[in-house]
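> Below is the sequence, then the predicted model.
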Amino acid sequence: MLVSVSQDQTPSYYLSNEEKFEKMFVLRGHTETVTCCAVSPSVSYIGSGSWDNMLKVWSTSLNEPCDAE
């Protein structure tokens, strides 16, 4: 798993197959530049922080809502 953050206000979540990383999701919800991220030890959640003074927690499961504040 790889997570990137961007000035476009989105973290992006990638998964790797044997040859390359493929973008799975663009996580939308911040209103300012996203400056940091972390992945939980279980790889079940991604946390992102932004200049909008928000910390967002995102599920990596397709069965759960993706934006849990």
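On my side now, so go ahead.
> show me the contacts for the most centrally placed residue in the chain.
When the chain is reduced to its mean C-alpha position, the closest residue under CA atoms, centre = their mean turns out to be residue 11, at 4.4 Å. Remark: with contacts taken as CB atoms under 8 Å, 6 or more residues apart in numbering, residue 11 is in contact with 3-5, 26-27, 34, 37, 46, 48, 58. (Glycine included, C-beta is placed from N, CA and C.)
> what do you get if the cut-off is 6 Å, keeping everything else the same?
Contacts for residue 11 were tallied using CB atoms under 6 Å, 6 or more residues apart in numbering; they are 3, 5, 27, 34, 37, 48.
> got it, and residue 28?
Contacts were defined as CB under 6 Å, 6+ apart; by that measure residue 28 touches residue 10.
> repeat for residue 55
Contacts of residue 55 were listed using CB under 6 Å, 6+ apart, and they are residue 49.
> follow-up on the earlier one: and of the contacts of residue 11, the nearest to residue 16?
The closest of these to residue 16 turns out to be residue 3 (CB to CB; 12.2 Å).
> tell me which residues in the helix or strand hosting the closest one are buried?
Secondary structure assignment for residue 3, by DSSP states H and E: strand 2-4. Counting neighbours by 16 or more other CB atoms under 10 Å, one finds that the buried residues in strand 2-4 are residue 3.
> can you give me the offset of the next helix or strand after that strand from its chain's centre?
Tracing the chain C-terminally past strand 2-4 and defining elements by DSSP H and E, one meets strand 12-16 next. In terms of CA atoms, centre = their mean, to the nearest Å, the centre of strand 12-16 is set 9 Å apart from its chain centre.
> In its sheet, which strands sit next to strand 12-16, and in what direction?
In the sheet containing strand 12-16, its partner strands are strand 2-4 (antiparallel), strand 21-26 (antiparallel), by DSSP bridges.
> could you redo these as TSV and give each row mean pLDDT and distance to residue 15?
Output for these, formatted as TSV (pLDDT from 0 to 100; distance: least, CB to CB, whole Å):
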stretch	mean pLDDT	distance to residue 15
strand 2-4	87	8
strand 21-26	87	5
